[in-house]
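Please find the sequence and the predicted model below.
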Amino acid sequence: MGIGSYAVTTNVIKQWDQRLLFKILDNIEDVVMVLDSDTTIVYANEAYAKVLGVPVQKVLGRRLDLIEPDCLAIKVLRSGKVSNERDNLSSVGIDVIGRAFPLFEGDQVVGCVSIFNNITKVVELSRELQRTKEVADYLQDQLNQQTQLPLSFKEYIGQNSRLRVTLELAAKVAKTDSTVLILGESGVGKEVLARAIHNCSRRMDKPLIKVNCAAIPEALLESELFGFEDGAFTGAKKGGKLGKFELAHGGTIFLDEIGDMSINMQSKLLRVLQERELERVGGTKTIKLDIRVIAATNRDLEKMMAEGSFRRDLYYRLNIVPLHLPPLRERKDDLFKLAHKFLTQFSEEVDHKLTLSPQVITILQAMTGRAILENYKMSWSMPVLFEPVRK
């Protein structure tokens, strides 16, 4: 017989009676709840009402499997095994942690005792910490990739009239939270424009999360976008993982190559964009989102809608402010400005002044036209582009 089976009889405690036991339990800050074999709640202490916000009188005599069918206490009652783990009480919307153990008469389970307390705030802080860490990891990964990417420019260069109209509209819409759809061929700088919009918005201090919808396999795209819970599928990361939408909370999510997304994923994306909320893969908890959405594609979405390969309702959800980026072949008047931009950048990198050769200048003159070239020389005065450096 263990030490817990004995009690010392004194003038203070003459015997253990029910009233004294209940008085002791009611002074415990943790919830103490007792179930019988059919999950009926036969006892709950005063902490039950304080923690769950439900009067004890309302639950006594009720079956717990009708209130919280998936809770830890019921699992213990059915398995006959002690368990210590976190639990979510969906009926009252709180996270708890504690211990539950079965009660036996001989070899038969006749009830269960569950002891737990509210850790919702701790869970929320933990999730926020996880989100912050994963945002930091994502941004660090993007920073690490910068050294592997081809040299590029930080913002658009050029005075082409079509381009200027697009950039001026982009600058205006950047101040709002309107959804933006960037249209243009591959290589026109859709991601550059998305980054510029984010950096001019009220969300500039929050993360800009990029998702290349064409680069992620269809089987993985849902978990990448919406995240997943622990054990959601074979090989799932222990503890689960936040998706790109949760990482972008408070900031901007850039959905690149949106036209390459399957119809099935388009339906799931549409719900998230409409409701601004999601559920992780394998989860049941609804997660609210505060995000700005920018999408981009090089595909003809209107043609895809006619063919039935792109949802019309998703198109109208994304196409709030369309921005069309012309290809460089349609803005040849910007060639010399771009050439100057790259020459300046390359010259700084190699610590040596670089110029265009006479042959290249001749080709650019033929492409842009003499009049454009003369205007360009007058307004920008960059002899370095036209005269080789001679030692």
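Received the coordinates, thanks.

so where do the strands sit in the stretch 1-150 of the chain?
31-36, 41-44, 83-89, 94-105, 108-118 (DSSP state E, counting those that start in this stretch).

Please convert the ones you listed to TSV, extending it with distance to Met304.
Heads up, the C-betas are built off the backbone N, CA and C, glycines and all. Converted to TSV, the strands of the stretch 1-150 of the chain look like this (distance: least, C-beta to C-beta, whole Å):
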stretch	distance to Met304
strand 31-36	55
strand 41-44	56
strand 83-89	41
strand 94-105	43
strand 108-118	49
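
Pick the most buried one from these.
Greatest average neighbour count among those goes to strand 31-36 (a mean of 21), per mean count of other C-beta atoms under 10 Å.

Flag the shaky bits of the stretch 151-300 of the chain, pLDDT-wise.
The stretch 151-300 of the chain contains residues with pLDDT under 70 at 151-156, 231-239.

Wait, Lys206 touches Gly250, no?
Yes - if you go by C-beta atoms under 8 Å, Lys206 and Gly250 touch, sitting 4.3 Å apart.

Which one's more surrounded, those two?
Lys206 (18 against 15; other C-beta atoms under 10 Å).

Tell me, domain by domain, which residues of the chain belong where.
17-118, 124-327, 331-385 (automatic domain parsing).

Let's test this: mean pLDDT of the longest helix anywhere in the chain, rounded?
For the chain, the helix with the greatest residue count under DSSP state H is helix 120-146. Throughout helix 120-146, pLDDT has a mean value of 74.

Now do it: which elements does it pack against?
strand 94-105, strand 208-212, helix 244-247 (3 or more C-beta pairs under 8 Å, 6 or more residues apart in numbering; DSSP states H and E).

who wins for proximity to Ile74 among those?
strand 94-105 (9.0 Å; C-beta to C-beta).

what's the offset of that closest one from the middle of its chain?
In this view, strand 94-105 has its centroid 33 Å away from the chain centroid, taken as C-alpha atoms, centre = their mean, to the nearest Å.

same deal with stretch 309-320?
Distance, centroid of stretch 309-320 to centroid of chain: 21 Å (C-alpha atoms, centre = their mean).

quick one, what contacts Tyr315?
For Tyr315, the contacting residues are 301-302, 305, by C-beta atoms under 8 Å, 6 or more residues apart in numbering.

List buried members of the residues you listed by neighbour count.
Neighbour counting by 16 or more other C-beta atoms under 10 Å classes 301, 305 among the contacts of Tyr315 as buried.

Can you name the next helix or strand after the longest helix of the chain?
Next helix or strand after helix 120-146 toward the C-terminus (DSSP states H and E): helix 161-173.

ok, which stretches of the stretch 251-391 of the chain are strands?
Counting by DSSP E, counting those that start in this stretch, the strands of the stretch 251-391 of the chain are 252-256, 277-278, 287-288, 292-297, 321-324.

winner for burial among the ones you listed?
strand 292-297 (a mean of 26).

Bridged to Phe228, which residues?
With DSSP bridges as the criterion, Phe228 is bridged to Lys241, Val281.

Neighbours of it, how many?
Phe228: 20 neighbours (other C-beta under 10 Å).

Over to Lys332?
Lys332 has 14 neighbouring residues, counting by other C-beta under 10 Å.

returning to what we had before: lowest average pLDDT across the strands of the stretch 1-150 of the chain?
strand 83-89 (a mean of 85).

what lines up beside it in the sheet?
For strand 83-89, using DSSP bridges, the partner strands are strand 94-105 (antiparallel).

List the contacts of the strand it pairs with.
30-31, 34, 51-52, 72-73, 75-77, 79-89, 109-120, 122-123.

switch the cut-off to 6 Å
72-73, 76, 80, 82-84, 86-88, 109-116, 118-120, 123 (C-beta atoms under 6 Å, 6 or more residues apart in numbering).
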